[in-house]
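*Asks:* structure for this input, please:
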Amino acid sequence: MSLTQTLQVFEAFDSRFASGQTVVDMLTPYRAQGVSVEVLKIEGPKGSTDFVKICIPGESGKRAGGTAPSLGIVGRLGGIGARPSRIGLVSDADGAIAAVAAALKLAHMRAQGDRLLGDVFITTHICPDAPTRPHEPVDFMDSPIDTEDVNAHEVWDEMDAVLSLDTTKGNRIINHKGYAISPTVKEGYILRVSEDLLRIMEMTSGQPAVTFPVTTQDITPYGNGVYHLNSIMQPCIATRAPVVGVAITAQSVVPGCGTGASHETDIAMVVKFVVEVAKEFGRGTCRFFDSADYERLLALYGSLAHLSKRQPK
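*Replies:* Numbers count the residues shown, from 1 in each chain. Modelled structure (predicted):
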């Protein structure tokens, strides 16, 4: 179960005083297990935020000199709160809650003797007073720092694959309460949806898998003047690793800056999915993409990595 960790993070983040130190305090009991947490405060044109980097070491992970692949988990958001204009957790906080709750669950498992083979790296940022911005069909949360700064801190070179967790309720594209996964994106290519991720999703949810479409616009840099569903796929512009979006969704259209709009059980389902992916990815039984298929695409059509580059204004 992941609901315990989800509720713990939910309550800790539902405060105007929430910060990176909040995450440090929650994970401090697991330092003896090798779990590490780094916090870096970043100042931006619209305020500041605390970037959090968490490492859950694996038994055969690269940091221990092993060869097991490393999974990256990114909690994507603008901010967990929009104070002073909104009081309480905003819908946009779901990605951060899920990422930190996954870290707590993996750390607890490690303390109980259930250690994964590969390293798991979790990143997110904590800002209880982020700005908002207009977006169609409903307003979004904005980030206090530039998108380039976000990308620079949330993806590590050590990540061999990335799950990007993000609230994705402010649209008419995904009309499903729960969560959905995207096709795999790698260096400008939108690849087929991973069969292994579909299998794990159906196993952990007990329901048919749900996916959502990704467009070329979504995998280009934010702020380039074209429409994006949201920023869920932005990690793909900062890494050569395959990226899959895990969207926390609703049947209705919900603004990212809306409060009282988070559903703890839906977030917990995402945490459970992420934990199971981490188990299988580290032991080599979960593939994000078919490498032979990808190499064939490169041979036929060349690189599309230029889609990740911000064009001059």
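*Asks:* any idea which helix or strand carries T124?
*Replies:* strand 120-126 (DSSP states H and E).
*Asks:* give me the mean pLDDT for that strand.
*Replies:* The average pLDDT within strand 120-126 is 97.
*Asks:* centre of the chain to that strand, how far?
*Replies:* 8 Å (Cα atoms, centre = their mean, to the nearest Å).
*Asks:* one more: stretch 7-18?
*Replies:* Centroid separation for stretch 7-18 versus its chain: 18 Å, with Cα atoms, centre = their mean.
*Asks:* list the buried residues of that stretch.
*Replies:* 7, 9-10, 12-14, 18 (16 or more other Cβ atoms under 10 Å). All C-beta atoms are positioned from the backbone trio N, CA, C, and that covers glycine.
*Asks:* try stretch 87-99
*Replies:* Residues 88-99 are the ones in stretch 87-99 that count as buried (16+ other Cβ under 10 Å).
*Asks:* restricted to helices, list those.
*Replies:* Of the positions in the buried residues of stretch 87-99, 94-99 sit in helices, assigned by DSSP state H.
*Asks:* which ones are touching V253?
*Replies:* Applying Cβ atoms under 8 Å, 6 or more residues apart in numbering, we find V253 in contact with 137-138, 169-172.
*Asks:* got the phi/psi numbers for V23?
*Replies:* phi -70, psi -40 (degrees, to the nearest 10).
*Asks:* close enough to count as contact, it and I54?
*Replies:* Yes - in terms of Cβ atoms under 8 Å, V23 counts as a neighbour of I54; the distance is 7.4 Å.
*Asks:* overlap in contacts, the two.
*Replies:* Common contacts of V23 and I54, defined by Cβ under 8 Å, 6+ apart, comprise 37, 100, 103.
*Asks:* show me the contacts for the closest residue to the second one other than its chain neighbours.
*Replies:* Setting aside the residues directly before and after it, V100 is nearest to V9 in space (Cβ to Cβ, 6 or more residues apart in numbering), at 4.8 Å. The neighbours of V9, taking Cβ under 8 Å, 6+ apart as the test, are 26, 97, 100-101, 104.
*Asks:* farthest pair within the ones in helices among the buried residues of stretch 87-99?
*Replies:* D94 and A99 (9.6 Å; Cβ to Cβ).
*Asks:* who touches both of those two?
*Replies:* Counting by Cβ under 8 Å, 6+ apart, the shared contacts of D94 and A99 are L165.
*Asks:* please, which helix or strand holds the residue lying closest to T168 once chain neighbours are set aside?
*Replies:* The shortest distance from T168 to any non-neighbouring residue, by Cβ to Cβ, 6+ apart, is to A247 (3.5 Å). Under the criterion of DSSP H and E, A247 resides in strand 243-249.
*Asks:* what is the rounded mean pLDDT of that strand?
*Replies:* Taken as a whole, strand 243-249 has a mean pLDDT of 98.
*Asks:* of all the residues in the helix or strand just after that strand, which ones are buried?
*Replies:* Using DSSP H and E, the helix or strand that follows strand 243-249 in sequence is helix 264-282. Across helix 264-282, burial judged by 16+ other Cβ under 10 Å covers 264, 266-282.
*Asks:* backbone phi and psi for L71, please?
*Replies:* L71 adopts backbone torsions of phi -100, psi 140, taken as degrees, to the nearest 10.
*Asks:* which residues does it bridge with?
*Replies:* For L71, the beta-bridge partners under DSSP bridges are V120, A161.
*Asks:* kindly provide the distance from it to K105.
*Replies:* 14 Å (Cβ to Cβ, to the nearest Å).
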